[in-house]
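Engineer: Pasting a predicted model and its sequence here:
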Amino acid sequence: MKGDRISLLLFIVFMLCLPMGVMAQLLDPVTYEIKQAPEEVAAGEIFSIQVEATIEGEWHLYSVNNDPADGPYPTQFSSGRTNLLLAGAVQETEPTIVFDPNFQTELGWHAKSALFTIPLAFHPELTGNQKIVLDVLYQVCDDISCLPPKTKTIDAEIRLQGDPEPSLLFASFGPLDSSDLTGESGSDSASDSDSESSLDSSSGSDRDTPFTLTSSSDIASDNIWSFLWLAILAGFAAILTPCVFPLIPLTVSYFSADANRNNGSPWIQALIFGLSIVFIFTLLGGLLSLILGVSGVSQFASNPYVNTFIGLIFILFAMSMLGMFELRLPYQVTNWLNKKSNDSGGSIGTLFMALTVSAVSFSCTAPFIGAVLAATTSGEWFTPMIGMIGFSAALSSPFVLFAMFPNWLQRLPKSGSWMNAVKSVLAFIILAASIKFLANADIIFGWGFISRPLGIAAWITFFFLAGLYILGMYGLHGEKRPDSITAGRVMLSIPFFLFSFYLFPGLMGANLGFWDAYLPSRQVNEVSLIQSLGRYAGTGGALESNEGAWSSSYDASVTSAIENNQPVFIDFTGYTCTNCKAMEANVFPDPKVQELFAQMEKVKLYTDGGADAEKNQTFQFELTGTLALPTYAIVDPQTGQVLDQLIGYTKTTDFEAFLQQGLDRHREWNKP
């Protein structure tokens with residue numbers, strides 16, 4: 001029996017580690033090798049290299065000629081260095097044109113292998129030994145799923161001899177970095193710099209930028225950590241619900257009794273239980289990751305039907321938590337699992353106990369699981385797995401800790417009405433969260449039902465009702481009102497009342513800072529009290545003047561920018577993009593940012609909704625090499641050159657530096 005427990009424990013640990021190990025292998029099914037490159041070329045001469053891609057298994061690599069609007073990333077070669085230029089279109093072996101079931105369209109792809117011919121030219125001022133350093137951005141899929149886009153760096157040595165050839169397009173090169181004039185050492189330095197750049201820095205066009213664009217890797221990392229903390233907090237909150245909290249002493253008692261019966265250790269049983277819980281929920285997240293795939297998460301976020309579904313599910317969960325009805329799995333399932341855990345005993349019994357706890361607690365944990373999985377709409381393809389790992393680790397932690405230290409059970413508060421109170425308060429918060437998803441769907445469909453004032457009014461109502469409930473002004477779940485209002489109730493209700501009063505100015509058009517990102521977007525035709533008073537005073541509202549400064553046409557902005565000798569600032573944004581709204585509410589109004597904006601022609605392009613969404617999305621990818629939102633690009637209107645770009649939410653000071661750098665580069669680019 002002891003050997004069985006150890007074997008099962010090792011099996012569970014292995015299963016938990018297996019997805020990571022397998023995924024690590026699957027993330028890299030393509031290798032690139034330079035098959036042919038000249039050893040010597042004349043300085044400034046156009047030459048070609050051949051790169052062979054070897055593709056493992058059933059994966060396929062997408063053609064360089066695919067339209068990015070069709071879904072997957074086409075294979076792209078680029079150089080972010082000032083001394084090396086792509087001197088023409090990349091040629092490839094004939095791709096197979098087939099119907100791709102992942103994207104429901106005909107696409108060109110390569111299976112097993114592909115050969116790419118890439119025309120290149122070094123800066124004409126360079127001579128001596130140099131290093132060819134290219135970045136290749138690519139994506140692979142099979143018949144079931146896709147892997148996320150990946151960037152690899154390939155390099156080769158070459159020697160430049162003789163005087164520069166005058167036949168090259170010298171004007172295509174930007175100013176040459178001094179580090180690029182140092183031969184091999186300079187090339188190595190540049191190579192190191194390139195290896196640290198984001199995949200989103202690579203351009204979708206044939207002409208490379210001579211600038212190092214702003215990286216978003218730190219921002220993406222911050223978003224992942226923020227999401228993980230959200231999932232962990234949801235797990236701890238679920239512990240306090242009446243479906244989970246009473247199970248802690250019962251489950252720990254089961255561990256102790258089973259350990260005495262089988263001469264085992266209760267903490268080993270608890271560890272197996274905790275790992276089983278993590279495995280069960282992580283499996284759920286893994287299935288969602290597999291279903292959504294790499295491109296599905298972003299499409300999931302902007303799909304109005306998905307947003308409507310999530311909003312209605314949140315309302316359903318909230319009504320259940322308020323006691324209107326109960327959501328639970330069929331009793332036959334829970335009874336069967338409970339019988340299996342009692343009959344089996346040992347490690348097998350503990351595994352069934354984990355399944356039983358997961359099933360019994362479903363009515364309380366389901367809203368939290370839904371909230372965590374809904375939050376993955378702004379993340380990467382693997383975000384659901386990370387969320388479920390964090391959620392389940394927090395949820396299972398008290399079971400493991402109290403099994404290891406059973407004396408702590410005496411300090412646990414007794415089960416009682418306080419658990420229903422926690423459940424009800426959380427229901428009001430979930431109702432508030434549902435507004436965000438319903439508003440996303442509303443704005444994409446163009447209905448105009450859920451305006452910003454209506455969303456704020458709903459939030460005020462939900463949080464004010466939660467405060468009144470905590471005070472004991474009314475009861476839920478058949479509760480009776482308390483005879484007196486205690487100091488504890490008053491203290492707990494104050495944050496809810498304060499937040500309700502904080503939201504009131506938003507009804508009159510005031511900026512609500514961080515919270516604006518989670519409320520319905522401002523609309524130009526919305527009328528607030530502040531705007532009305534402004535009209536009577538003879539001055540336009542702040543919203544009108546701010547919105548009026550933004551164009552929705554890139555071509556018109558380019559024309560105006562050329563006339564005024566200004567760069568074009570492009571805001572690739574989305575109706576459902578939380579970080580976009582957070583930037584617009586908290587960073588854009590900054591006086592310094594507004595001062596820098598005044599020196600640019602500003603255009604806002606929506607990529608997740610509206611008549612031009614598909615065109616804007618294609619333009620974003622071709623210009624910036626990414627479909628992430630928000631993406632900000634500063635463009636020279638004369639040449640279409642991207643002077644700088646920034647991806648994701650960032651601090652005001654960093655955004656100011658980004659704008660200033662773009663303006664400086666525009667002045668340098670247009671020196672007489």
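Structural biologist: Arrived safely. Since we're looking at a predicted model, the values are computed, not measured.
Engineer: From here on, just use CA atoms for contacts and neighbour counts.
Structural biologist: Noted.
Engineer: List the buried residues of stretch 89-98.
Structural biologist: 89-90, 92, 95 (16 or more other C-alpha atoms under 10 Å).
Engineer: and if you look at stretch 564-583?
Structural biologist: 565-583.
Engineer: re earlier: in strands, which of the buried residues of stretch 89-98 appear?
Structural biologist: residue 92 (DSSP state E).
Engineer: Which of the buried residues of stretch 89-98 sits closest to residue 39?
Structural biologist: residue 90 (20.4 Å; C-alpha to C-alpha).
Engineer: correct me, but the closest one touches residue 118?
Structural biologist: Yes. Assessed by C-alpha atoms under 8 Å, residue 90 is found in contact with residue 118 at 4.9 Å.
Engineer: one step back: identify, from the buried residues of stretch 89-98, the entry nearest to residue 553.
Structural biologist: residue 89 (28.7 Å).
Engineer: how about low-confidence regions in the stretch 101-250 of the chain?
Structural biologist: Across the stretch 101-250 of the chain, the ranges flagged by pLDDT under 70 are 101-104, 125, 143-148, 162-224, 242-243, 246, 250.
Engineer: Run a quick neighbour tally on residue 395.
Structural biologist: Other residues lying near residue 395 total 25 when counted by other C-alpha atoms under 10 Å.
Engineer: Can you check the pLDDT for it?
Structural biologist: Residue 395 carries a pLDDT score of 85 in this model.
Engineer: Over to residue 476?
Structural biologist: Looking at residue 476, its pLDDT stands at 79.
Engineer: Over to the one 5 residues further on?
Structural biologist: Confidence at residue 481, expressed as pLDDT, is 76.
Engineer: domain assignment for the protein?
Structural biologist: Residue ranges for the domains of the chain, per automatic domain parsing: 30-183+196-210, 219-450, 549-669.
Engineer: Please, where are all the helices along the stretch 51-200 of the chain?
Structural biologist: 183-195 (DSSP state H, counting those that start in this stretch).
Engineer: Quick check: the closest residue to residue 60 other than its chain neighbours vs residue 439, distance?
Structural biologist: Spatially, and ignoring its direct neighbours in sequence, residue 60 is nearest to residue 111 (4.7 Å; C-alpha to C-alpha, 6 or more residues apart in numbering). To residue 439, residue 111 is 43 Å away according to C-alpha to C-alpha, to the nearest Å.
Engineer: more crowded one of those two?
Structural biologist: residue 439 (28 against 19).
Engineer: which residues does that one contact?
Structural biologist: 450-451, 519-520 (C-alpha atoms under 8 Å, 6 or more residues apart in numbering).
Engineer: helices or strands next to whichever helix or strand residue 558 is part of in the packing?
Structural biologist: Using DSSP states H and E, residue 558 falls within helix 554-564. Counting contacts by 3 or more C-alpha pairs under 8 Å, 6 or more residues apart in numbering; DSSP states H and E, helix 554-564 packs against strand 568-573, strand 601-606.
Engineer: Reformat these as a markdown table; add distance to residue 654 and mean pLDDT.
Structural biologist: Shown next, in a markdown table, are the helices and strands packed on helix 554-564 (distance: least, C-alpha to C-alpha, whole Å; pLDDT from 0 to 100):
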| stretch | distance to residue 654 | mean pLDDT |
| --- | --- | --- |
| strand 568-573 | 16 | 93 |
| strand 601-606 | 19 | 92 |
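Engineer: Format the ones you listed as CSV; extra columns: distance to residue 625.
Structural biologist: Shown next, in CSV, are the helices and strands packed on helix 554-564 (distance: least, C-alpha to C-alpha, whole Å):
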stretch, distance to residue 625
strand 568-573, 12
strand 601-606, 16
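Engineer: closest to residue 322 out of these?
Structural biologist: Short answer: strand 568-573, nearest of these by C-alpha to C-alpha, at 36.6 Å.
Engineer: Just want the angle from the helix or strand following that closest one to strand 568-573.
Structural biologist: With elements assigned by DSSP H and E, the helix or strand that comes after strand 568-573 is helix 578-586. On the basis of axes from the mean of the first three to the mean of the last three C-alpha atoms, to 10 degrees, helix 578-586 is oriented at 130 degrees to strand 568-573.
Engineer: Give me the distance between residue 41 and residue 121.
Structural biologist: 10 Å.
Engineer: Give me the common contacts of those two.
Structural biologist: With C-alpha under 8 Å, 6+ apart as the test, residue 41 and residue 121 both reach residue 47.
Engineer: Just want to know which of those two has more residues nearby.
Structural biologist: The neighbour comparison of residue 41 against residue 121 (other C-alpha under 10 Å) goes to residue 121, with 23 against 17.
Engineer: can you map out the strands along the stretch 351-500 of the chain?
Structural biologist: Using DSSP state E, counting those that start in this stretch, the stretch 351-500 of the chain contains no strands.
Engineer: ok so, going back, mind putting the buried residues of stretch 89-98 into TSV with pLDDT and distance to residue 314?
Structural biologist: Converted to TSV, the buried residues of stretch 89-98 look like this (pLDDT from 0 to 100; distance: C-alpha to C-alpha, whole Å):
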residue	pLDDT	distance to residue 314
89	81	50
90	88	49
92	92	49
95	90	46
